[in-house]
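>>> Below are the sequence and a predicted model; questions follow.
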Amino acid sequence: MEERNYILFDDDCRTHLLPLTFTRPVAELRVGILTIKEKWQRSLNCSLSYLTEEYLAVKFPPVVKEINWLINGSVLPNPRMVAQVAALKCGDVLADDQLLIAACLRGDQVQYPLDVSRLLNEGNRISPVVPPRTIRKLTDIITLNEEALRDDYKMLTYRRRSAPIYESNKVLNRNDVFIEEGAKVEFAFLNASKGPIYIGKGVEIMEGAMIRGPAAFGEGSIVKMGAKIYGPTSIGPRCVVGGEINSSVMIGFSNKAHDGFLGHAVIGEWCNLGADSNNSNLKNDYGEVKIWNYATQSFVRTGLQFFGLIMGDHSKCGINTMFNTGTIVGVFVNVFGAAFPRNFIPSFSWGGASGFTEYRIDKAIEVAKRVMARRQVELSAADEAILRHIASLPIK
């Protein structure tokens, strides 16, 4: 029997998730320990492809067959929903109000963007057994990270035994600490009394690091000496972190290696925060935070009192950089200098509080190649094409 063909599709929420989705489909976002795609892969025990913007399809191409099961890339799986998706027959749509969660479609019906309205109106509509958890806007990554982290921890550690936790460490509730083989953890403080701590393969937790769960560290990441990590925090693969981090997500391959504060933030890939850089995550008047929204081209209310920084891929900031509450930084931004820059910085910008100029694409590509080479990763032709396309967009 031929393996089922599952495809994760993007819908109009991807604009609300910019700048993080400039460089990736929605399901490549990390929420909890795993990306959304990785969650579905483990839940369905199969590979998946993407249906996304044409310029991203160069790197994330769709695989379309005669019959296809399409899943909304913003939806986080749970066992009941996975069972409902797997049970769909051709012509069925799984939907909650106006949100298309999944559909089983013929190959000739699979095109981007999907005609969601037609599918909702004409398909054999099925309601979800449980309401979906979704990442539809930037704030959802922060507000759902703890729940997603706990769920991922259960999935990754089910019926598995942690590597030994050496006696040099001080540990609270060691039953909720899981260390993968090959990780190095010595003379650290691990407090899992408020939530689990997951330490991936090849991770190094240096001496004196203090970690309060729920927290997760992806494969090959490094936590520097004396770091202070407050949960819920998710550090993706091959990051270097230090200083103080609270309630944040780093998607992967990024550095915040030195002292300074990162709070209620989401950091993309290939970013670097200079020594003693800080972001505010609470306004002085304790009021509601507003952030820039690419879909509306305006500042919108978040409904949150705590919200810090969003930084798109390949962005950097120099030493002692200060970010205001609710700052949105695009792709390939270089921030430096004293005082606070504005709280929305478009992609391919270079400068600081005194103003920004254009970050020329050829110069940016040169820098990306050098940065990625330090981790033995090559900037592919597909990646370069994506970055050049973003640089040409009227909205950055």
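Done, it's in.

>>> Asn78: what's its closest spatial neighbour, skipping adjacent residues?
Using Cβ to Cβ, 6 or more residues apart in numbering and skipping the chain neighbours, the partner closest in space to Asn78 is Val130 (6.3 Å). Using the backbone N, CA and C atoms, a C-beta is placed for each residue, glycine as well.

>>> can you tell me the helix or strand for that neighbour?
Val130 is part of no helix or strand when elements are defined by DSSP states H and E.

>>> Any regions of the stretch 151-300 of the chain where pLDDT drops low?
Counting by pLDDT under 70, the stretch 151-300 of the chain shows no low-confidence range.

>>> So which bits of stretch 270-283 are buried?
For stretch 270-283, burial by neighbour count (16 or more other Cβ atoms under 10 Å) applies to 270-274, 277-283.

>>> Then stretch 179-194?
Neighbour-count burial for stretch 179-194 [16+ other Cβ under 10 Å]: 179-180, 183, 185, 188-192, 194.

>>> Any chance of CSV for the residues you listed, columns secondary structure and distance to Val329?
Below are those laid out as CSV (DSSP: H, G, I helix; E, B strand; the rest coil; distance: Cβ to Cβ, whole Å):
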residue, secondary structure, distance to Val329
Ile179, strand, 33
Glu180, coil, 32
Ala183, coil, 31
Val185, strand, 32
Ala188, coil, 31
Phe189, strand, 32
Leu190, strand, 32
Asn191, strand, 31
Ala192, coil, 32
Lys194, coil, 30
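
>>> how about the residue nearest to Asn78, what does it touch?
Listed by Cβ atoms under 8 Å, 6 or more residues apart in numbering, the contact set of Val130 reads 78, 80-81.

>>> Now which of those residues would you call buried?
The neighbour count (16+ other Cβ under 10 Å) marks 78, 81 as buried among the contacts of Val130.

>>> could I get the contacts of Val130 as CSV with distance to Pro346 and secondary structure?
CSV is the format used below for the contacts of Val130 (distance: Cβ to Cβ, whole Å; DSSP: H, G, I helix; E, B strand; the rest coil):
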residue, distance to Pro346, secondary structure
Asn78, 37, coil
Arg80, 41, helix
Met81, 37, helix
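
>>> Cys13: which of the contacts of Val130 is nearest?
Using Cβ to Cβ, Met81 is the member of the contacts of Val130 that lies nearest Cys13, at 17.3 Å.

>>> Would you list the phi and psi of the closest residue to the closest one other than its chain neighbours?
Excluding the flanking residues, the one nearest Met81 by Cβ to Cβ, 6+ apart is Pro128, at 6.1 Å. The phi/psi pair for Pro128 (degrees, to the nearest 10) reads phi -70, psi 150.

>>> Leaving out chain neighbours, which residue sits closest to Ile71?
Sequence neighbours aside, Ala102 is the residue nearest to Ile71 in space, at 4.8 Å (criterion: Cβ to Cβ, 6+ apart).

>>> That neighbour falls within a strand, correct?
Yes. Counting by DSSP: H, G, I helix; E, B strand; the rest coil, Ala102 is part of a strand.

>>> tell me, how many neighbours does it end up with?
27 (other Cβ atoms under 10 Å).

>>> beta partners of it?
The partner list for Ala102 in beta bridges (DSSP bridges) reads Ile71, Leu94.

>>> ok, it - contacts?
69-72, 75, 84-85, 88, 93-94.

>>> what do you get for Val26?
8, 10, 13-14, 17, 36, 52, 73-74, 135.

>>> repeat that for 6 Å
By Cβ atoms under 6 Å, 6 or more residues apart in numbering, the residues touching Val26 are 10, 14, 73-74.

>>> Same check on Leu304?
139, 289.

>>> Quick check: it vs Tyr112, distance?
The gap separating Leu304 from Tyr112 is 32 Å, by Cβ to Cβ, to the nearest Å.

>>> for Asn272, phi and psi?
phi -140, psi 130.

>>> again with Asp383
Main-chain torsions, Asp383, degrees, to the nearest 10: phi -60, psi -40.

>>> burial measure for it, as a count.
21.

>>> Report the separation between the closest residue to it other than its chain neighbours and Thr23.
Residue nearest to Asp383 in three dimensions, not counting chain neighbours: Lys59, with 6.6 Å by Cβ to Cβ, 6+ apart. To Thr23, Lys59 is 9 Å away according to Cβ to Cβ.

>>> who's more crowded, these two?
Thr23 (24 against 18).

>>> For the more buried one, which non-adjacent residue is spatially closest?
Closest residue to Thr23 apart from its sequence neighbours, by Cβ to Cβ, 6+ apart: Asp313 at 4.6 Å.

>>> Check Asn173 too.
In this structure, Asn173 finds its nearest non-sequential neighbour in Ala192, 4.2 Å apart by Cβ to Cβ, 6+ apart.

>>> shouldn't the one you found be in contact with Ile211?
No. In this structure, Ala192 is not within contact of Ile211 by Cβ atoms under 6 Å, at 8.6 Å.

>>> Just give me the neighbour total for Lys369.
By other Cβ under 10 Å, the burial measure for Lys369, its neighbour count, is 14.

>>> let me fix that: Thr157
Residues lying near Thr157 (other Cβ under 10 Å) number 16.

>>> need the contact list for it.
With contact set as Cβ under 6 Å, 6+ apart, Thr157 has these partners: Phe178.

>>> what ranges do the helices span in the stretch 251-396 of the chain?
361-373, 381-392 (DSSP state H, counting those that start in this stretch).

>>> what about Pro164, how many neighbours?
9.

>>> Now it. Nearest residue, chain neighbours left out?
Per Cβ to Cβ, 6+ apart, closest to Pro164 is Ile179, 7.7 Å.

>>> is the one you found in a bridge, and if so with what?
Those that pair with Ile179 in a beta bridge, by DSSP bridges, are Ile199.

>>> Contact partners for it?
Residues in contact with Ile179 (Cβ under 6 Å, 6+ apart) are 162-163, 185, 199.

>>> circling back: from the buried residues of stretch 179-194, which is closest to Arg118?
So of those, ranked by how close each gets to Arg118 (Cβ to Cβ), first place is Glu180, at 45.6 Å.

>>> how about the residue found closest to the closest one once you drop the neighbours it is linked to in the chain, secondary structure?
Among residues not flanking Glu180 along the chain, Lys201 sits closest, at 4.4 Å (Cβ to Cβ, 6+ apart). Using three-state DSSP, the structure places Lys201 in coil.

>>> All set, thanks.
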